[in-house]
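Chemist: Here is my input; please provide its structure:
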Amino acid sequence: MHKIEGKTLLSPSDLIGLLACEHLTQLELAVTRGELVRPVLEDAELDLLARKGHAHELEHLERLRTERRHVVAIADHPETLDGLRAAEEETLAAMRAGADVIYQAAFFDGTWRGRADYLLRVETASNLGVWSYEVADAKLARSVKVNALLQMCDYSLHVARLQGLTPESMHVILGDRTQESHRVAEYDAYHRAARARLEERVLGAPVATYPEPVDHCRVCRWRERCGAQWRADDHLSLVAGMRRDHARRLVDAGISTVARLAEAAEEPVADVGDAPWERLRQQARLQLEERTTGRQTFDVVLCEEPGLGLAALPPPSAGDLFFDMEGDPFVVDGGLEYLFGIIEVVDGAPRFHAFWGHDATEEKAAFEALVDLIIDRLTRDPDLHVYHYANYEVAALKKLMGRHATREEEVDRLLRGGAFVDLYRVVRQGVRVSKESYGLKSLEAYYMPKREETIADAAGSIVAYERWLEIRDPALLDDIGEYNQRDCESTRLLRSWLEDRRHELAARTGVPVPRPEPREGEAPQKVAQAAEETRELVEALSAGVGEDAASRTADEQARWLLAQLLEWHRREEKSGWWAYYERCDHMTDQDLVEDSESIGDITHLKMLRTEDKSVVHQYAFNPLQEHKFDVGDEPHDPRTKAVCGEIVALDNDQGIVELRRGPRVSERGHPTSLIPGTPYNTRPMRDALRRLATWAIANGPDAPGEYRAVRDLLLRRPPRLRGGVDGGSLVAPGEDPVLAARRLVMALDDTCLAVQGPPGCGKTYTGAQMIVELVRRGCRVGVCATTHRAIGNLLEEMCKVAAERGVSVRAIQKCEAEEGCEAPGIRRAGHASEVEEALQAGEVDVVAGTSWLLADQRFDGRLDVIIIDEAGQMSLANACAVGTAGRNLVLLGDPQQLAQPSQGIHPKGAERSALEHVLAGHDTIPADRGMFLPTTRRMHPEVCAFVSAAFYEDRLTALAECARQRVNGADGGLSGSGTRLAQVEHRGNRTWSPEEVAAVAGLVEQLHTATWTDADGVEHPLGLSDVLVVAPYNAQVKRLRERLPDGARVGTVDKFQGQEGAVTIYAMATSSAEDIPRNLEFLFSRNRLNVAVSRARALVIVVCSPELLRVRCRTPEQLRLVNALCRFAEMATPIGTAGELVASAPPALR
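Modeler: As a prediction, this is how the structure comes out:
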């Protein structure tokens, strides 16, 4: 931000600063006004970085010149307004002349300025002529950063202004000389929103901001100034463990400082929770005591739950190891773990080992070396443990064993045997300290001298490493290595300090503190034998296949991918087992309240009734917590590690769950928390994949013969059709999609066909038509999906189509009686043997079931065509297993809607769903690879326009009749059709927002007296059943149900998939990036936004905090996710302020 001749000028760096912190922008603005002096950060490395960056630009420029391109370099001009205008005129002249490359292209629109490293000519017509330009920038980094994308978006906006055409792509030349290209449309809406916000903040009326703590504070030049203000204000953020939503509720209750919290009465504040309230109050008391007396102190806490707190410390052993890692989540796709450090004690002295990895190959080698060292030391000392601080290290090891498909059995042995000990968890559950943080560096004040290293924390390590990547100064790696070694040593000393606290606790209570029971690390014999058999197949498939995916042939890639899929189920199950034991062994009841899949801290209320030999009991829980349970589930008690009953009733709004408990279960006592059970047995799918692998090893992945449809899927081959097309579109221009689907399915020649059906496009109807056509022609058909309900929906539609076409279809579904299709004529079978007998006897044409049925060897190769519905949610591994039952395979679904749930960490490519694999990074399926159903019969064209642009590459259109759909007679901008945005200001909300709940109540009231017109032009009263209210979290759903009238349709996104309404309201709940309870990827999921918006026939309203449109993104993928919401905001009509929306609701709904 600079002033030239009295005018404030902006650049992309100012935009990046705003996204990091709005208060930062106000401080910089005060500098331009002469009110503040910018703190100086002297850094010789930054100067070196600038010099190396310029050299990298010139090096690439020379490469362009050697390619005999016509290069025009824009000269430097004076730093005056006239000079900036002249530089842009020179740039525009070069563009008009059609230069191949324009170096140092200059832009100035009167307010915004910029210099792009290069403009590259492309042969796309524009105002310039038959050519136009795209931006390219040279960066020393080895991967594309968000700041670079935003910078290039800004330059692309200038290019569009000069040539009258928005560039399609922008390009980054990385430090390793590779070039990456990105579509401008995937990021530009976010950029425009940020640009407008910066102009408003800088050029508009003055705005008062407060230095709210954000991630950027750690590296900000203004951090000392802001920190001083927090201390002067005694800000609640100074309390260790203080969440923003808790802070907000404390402020609302009149507790706005650390001192007031420390002195507060015992009565909890509403919506904070008893346990968090007591913890925060005691934490504030300890911090206030140190502040006022100058003496650091601590409390040793007796954790009443077994095996937690100080009772989690195993007996010290001479071979114990102390482990710390350094990783950068932003350096490459999926992050890079660049340093594994570990200390062992040899002859009484600590010995440090460091394993470095500067790319994926070196990361793999470093990971292997670390694991090998631990296993070697464990062989010498079976009683040793590996101590670390916080969960990062163990989570990273789990990730790496899956990503690189190596040392999996060894890491699993360590995990199964309880070798890793997280001292952060011990501290958090067993000790309270008087520090403002429970980070390792804060705790060191209790047991070691203050550090003097150059690097202060993990963020500093990442900054130093990224600088090393760019300038390759060995001193930077030395600093990182020293920092890591000191962390390992600190972990060793912390363990000793905690042992002393453990002895103190035993002396104080007079009761010995128990040690954890030893656990067996070796896998059971059956598991080990199966793993060995699979390993032999993996080695045979991988023989001769290189590590570099780019250099593999199609056959080699298919073999490699199949090898990874052989281990897919084991990786999924391992993750499930890890999560299960984490909940059982390491989480308190209060921790489980925060776990999104469990119900924590339940209270037994009463016995309700007896049913046969079972008894139904009623329990209460906090209704605001997230969980994944439903009626019919059998949760486990984490303390007994066993089933604790069957859920027979569940009221999430009231926080009531009823469990039916048999005699044996009742003997164990009442549970205090409910957690998900152990993973399912996936043996049929594993066995099917082994059969497939055995055949492929003997014959090759591309030979005629068995399983060819599945092998075509692995090879990602276009469908092979009898009398078919040669590389062109599978569907002829103007051909009816249903007739095309019927034609294609009958032409399949031992191959795989993918059919992508966006919302409202008749995917289920098309699938039913294909099944009926196959049956009419005498084929045996398998129907599969991830749930019995999805299978039932497709069978029900099949029955309707069969009746309309006069075709007799005999079908059998393997399912429980209450889960099956209720259409007449569908047989239900409880066992696979019953299905096999019916097929063998020729009694059925259609066999339906989940992957457990169709992967069974009894059905191997016995069906003509298998149709997998919801193939965008079925893993590629399961689709391949199911595909062994048939000669041909049809994948029906849409990966742009809700994705497959997955817990495992897999090698790249093996983690995808079946349809994601076919699409290979595209949003829609290429015309030569499968069918895209292009017309929605649900959404109004204005709703469809957003959905199509954001998720379907502008290939989706609405049926003409859908344009009749509209809302009539509603106030507040709700009449008509299309998209609306209601921005509601709020702060500190995580999973529910009272402000949004009140705003939604106002919207529902405004719609209550309206009517709506359907696609046939018929007008109807707009009732509650016509309005879908959608939220991402159960807590928001509960509050909405409490506020809205009885009969309102309210639910989470996944509950409404497949449903529709005249109007959809999507209330996003969370206040800002800092308040997101899970991760940014969950809240901003493109799949979730697509499903939420596409439920609407006439009108969709998104209700959200404006801060969600300003979220700081750390990776290109995050930027792409948030861009979808920003694009909605651009295309939507804004409606009233939060106050107007609330005021429109009757008092009972406010």
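Chemist: Give me the pLDDT value at Leu1141.
Modeler: Looking at Leu1141, its pLDDT reads 55.
Chemist: swap in Lys450?
Modeler: 91.
Chemist: Helices of the stretch 1-150 of the chain, start to end?
Modeler: 12-20, 22-32, 44-66, 81-97, 146-163 (DSSP state H, counting those that start in this stretch).
Chemist: Of these, which stretch is the most buried?
Modeler: Of the helices of the stretch 1-150 of the chain, the one with the most neighbours on average (mean count of other C-beta atoms under 10 Å) is helix 146-163, at a mean of 23. (Each C-beta comes from the backbone N, C-alpha and C, glycine too.)
Chemist: chain center to it, what's the gap?
Modeler: 27 Å (C-alpha atoms, centre = their mean, to the nearest Å).
Chemist: So that it lines up with my notes, have the first residue be 88 from now on.
Modeler: Got it, first residue is 88 now, which makes that one helix 233-250.
Chemist: which helices and strands sit right next to it?
Modeler: helix 99-107, helix 168-184, strand 188-195, strand 200-209, strand 219-225, strand 256-260, helix 275-290, helix 1203-1218 (3 or more C-beta pairs under 8 Å, 6 or more residues apart in numbering; DSSP states H and E).
Chemist: looking at the helices of the stretch 88-237 of the chain, which is closest to Pro601?
Modeler: The closest of these to Pro601 is helix 99-107. By C-beta to C-beta, the value is 47.4 Å.
Chemist: Now render the helices and strands packed on helix 233-250 as CSV, adding mean pLDDT.
Modeler: As requested, those are exported to CSV (pLDDT from 0 to 100):
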stretch, mean pLDDT
helix 99-107, 93
helix 168-184, 98
strand 188-195, 97
strand 200-209, 96
strand 219-225, 96
strand 256-260, 96
helix 275-290, 95
helix 1203-1218, 96
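Chemist: Make sure Arg519 is actually in contact with Thr384.
Modeler: No - between Arg519 and Thr384 there is no contact under C-beta atoms under 8 Å: 9.1 Å.
Chemist: okay, and the common contacts of these two?
Modeler: The contact sets of Arg519 and Thr384 overlap at Leu373 (C-beta atoms under 8 Å, 6 or more residues apart in numbering).
Chemist: who has more neighbours, these two?
Modeler: Arg519 (21 against 15; other C-beta atoms under 10 Å).
Chemist: any weak-confidence spans in this protein?
Modeler: Along the chain, the parts satisfying pLDDT under 70 run over 128-136, 420, 812-813, 1224-1237.
Chemist: per-domain residue ranges of it.
Modeler: 89-290, 321-382, 396-596, 634-767, 792-985+1000-1020, 1028-1236 (automatic domain parsing).
Chemist: Can you lay out the ones you listed as TSV showing distance to Glu620?
Modeler: Listed next are the domains of the chain as TSV, based on distance: least, C-beta to C-beta, whole Å:
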stretch	distance to Glu620
domain 89-290	38
domain 321-382	48
domain 396-596	13
domain 634-767	10
domain 792-985+1000-1020	16
domain 1028-1236	36
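Chemist: Can you say which of those domains is nearest to Cys313?
Modeler: Nearest of the domains of the chain to Cys313, taken as C-beta to C-beta: domain 89-290 at 7.1 Å.
Chemist: Switch the helices of the stretch 88-237 of the chain over to JSON lines; also include distance to Pro805.
Modeler: Below are the helices of the stretch 88-237 of the chain laid out as JSON lines (distance: least, C-beta to C-beta, whole Å):
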{"stretch": "helix 99-107", "distance to Pro805": "42"}
{"stretch": "helix 109-119", "distance to Pro805": "51"}
{"stretch": "helix 131-153", "distance to Pro805": "36"}
{"stretch": "helix 168-184", "distance to Pro805": "40"}
{"stretch": "helix 233-250", "distance to Pro805": "33"}
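Chemist: so how far is the one helix or strand Gly568 maps to off the chain centroid?
Modeler: When elements are assigned from DSSP states H and E, Gly568 belongs to helix 561-596. Centroid separation for helix 561-596 versus its chain: 33 Å, with C-alpha atoms, centre = their mean.
Chemist: again, but for stretch 1063-1075
Modeler: Offset of stretch 1063-1075 from its chain centre (C-alpha atoms, centre = their mean): 23 Å.
Chemist: before we move on, what about stretch 289-305?
Modeler: Put simply, stretch 289-305 sits 28 Å off its chain's centre (C-alpha atoms, centre = their mean).
Chemist: start to end distance for that stretch?
Modeler: 24 Å (C-alpha to C-alpha, to the nearest Å).
Chemist: buried set for that stretch?
Modeler: For stretch 289-305, the neighbour count (16 or more other C-beta atoms under 10 Å) marks 289, 298-301, 303-304 as buried.
Chemist: Turn the residues you listed into a markdown table, columns for distance to Tyr852 and secondary structure.
Modeler: Formatted as a markdown table, the buried residues of stretch 289-305 follow (distance: C-beta to C-beta, whole Å; DSSP: H, G, I helix; E, B strand; the rest coil):
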| residue | distance to Tyr852 | secondary structure |
| --- | --- | --- |
| Val289 | 53 | helix |
| Pro298 | 56 | coil |
| Glu299 | 51 | coil |
| Pro300 | 53 | coil |
| Val301 | 49 | coil |
| His303 | 51 | helix |
| Cys304 | 54 | helix |
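Chemist: Quick check: the farthest pair among these?
Modeler: Most distant of the buried residues of stretch 289-305, by C-beta to C-beta, are Val289 and Pro300, 23.0 Å apart.
Chemist: Tell me how far stretch 486-501 lies from the chain's centre.
Modeler: Per C-alpha atoms, centre = their mean, the centroid offset for stretch 486-501 relative to its chain is 22 Å.
Chemist: SS state for Lys693?
Modeler: strand (DSSP: H, G, I helix; E, B strand; the rest coil).
Chemist: Also the one 10 residues further on?
Modeler: Assigned with three-state DSSP, Val703 falls in the strand class.
Chemist: if I read this right, it contacts Met694, doesn't it?
Modeler: Yes - the criterion here is C-beta under 8 Å, and Val703 meets it with Met694 at 7.4 Å.
Chemist: Neighbour count for these two, which is higher?
Modeler: Neighbour count, other C-beta under 10 Å: between Val703 and Met694, Val703 has more, with 17 against 12.
Chemist: How about the more buried one, nearest residue that isn't a chain neighbour?
Modeler: Nearest residue to Val703 in three dimensions, chain neighbours excluded: Leu695, at 4.6 Å (C-beta to C-beta, 6 or more residues apart in numbering).
Chemist: In this model Gln705 seems to touch the one you found, though I could be wrong.
Modeler: Yes - the pair Leu695 / Gln705 is scored as a contact, 5.4 Å apart, by C-beta under 8 Å.
Chemist: any residues in contact with both of these two?
Modeler: With C-beta under 8 Å, 6+ apart, Leu695 and Gln705 have common neighbours Glu745.
Chemist: residue boundaries of the helices in the stretch 238-387 of the chain?
Modeler: According to DSSP H, counting those that start in this stretch, the helices that the stretch 238-387 of the chain contains are 275-290, 310-320, 331-339, 345-349, 361-380.
Chemist: Would you convert those into JSON lines that also reports distance to Pro402?
Modeler: Below are the helices of the stretch 238-387 of the chain laid out as JSON lines (distance: least, C-beta to C-beta, whole Å):
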{"stretch": "helix 275-290", "distance to Pro402": "53"}
{"stretch": "helix 310-320", "distance to Pro402": "42"}
{"stretch": "helix 331-339", "distance to Pro402": "37"}
{"stretch": "helix 345-349", "distance to Pro402": "37"}
{"stretch": "helix 361-380", "distance to Pro402": "29"}
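Chemist: Quick one, which of these gets closest to Leu808.
Modeler: helix 275-290 (39.3 Å).
Chemist: what does the closest one rub up against?
Modeler: 88, 95, 97, 101-102, 105-106, 109, 112-113, 116, 198-199, 237, 240-241, 243-244, 253, 294, 1196-1197, 1200, 1206, 1209-1211, 1213-1214, 1216-1217.
Chemist: I am finished for the moment; much appreciated.
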